[in-house]
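> Attaching a predicted model along with its sequence, questions to come.
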Amino acid sequence: MAITQRLLQQRDIRPLIAERGQSHGSALGIFHWVVERAISWLHGFRRLRIRRERHDGIHEAFLGPAACLITH
């Protein structure tokens, strides 16, 4: 058993991963595009695309307003 699978079992988390050969109509993975789209929108903000700040707080200060613009 892989390390990741053991860690999930210890936390009582059941992964929803399609088995090899399972048809695409299984409804697994149908919502991944929402996350991918949101991340691509965040990368559209020039200040967030390439991080040049030394401190995490500065980057997060720009991340918050960008997330607000995307979600509203």
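Noted; the coordinates are in hand.
> and the gap between the most centrally placed residue in the chain and Ile58?
For the chain, the residue nearest the mean C-alpha position is Val35 (5.5 Å; CA atoms, centre = their mean). Relative to Ile58, Val35 is positioned 25 Å away (CB to CB, to the nearest Å). Just so you know, the C-beta spots here come from the backbone N, C-alpha and C atoms, and that holds for glycine as well.
> what stretches of the protein score poorly on pLDDT?
Within the chain, the segments meeting pLDDT under 70 span 1, 18, 22-32.
> from the middle of its chain, how far away would stretch 42-51 be?
Relative to the centre of its chain, stretch 42-51 is centred 16 Å away, using CA atoms, centre = their mean, to the nearest Å.
> what comes into contact with that stretch?
59, 62-63, 66-67, 70 (CB atoms under 8 Å, 6 or more residues apart in numbering).
> Give me the buried positions along it.
For stretch 42-51, the neighbour count (16 or more other CB atoms under 10 Å) marks Leu42 as buried.
> Could you pull out the helices in this protein for me?
Per DSSP state H, the chain carries helices over the ranges 3-10, 32-43, 46-49, 56-71.
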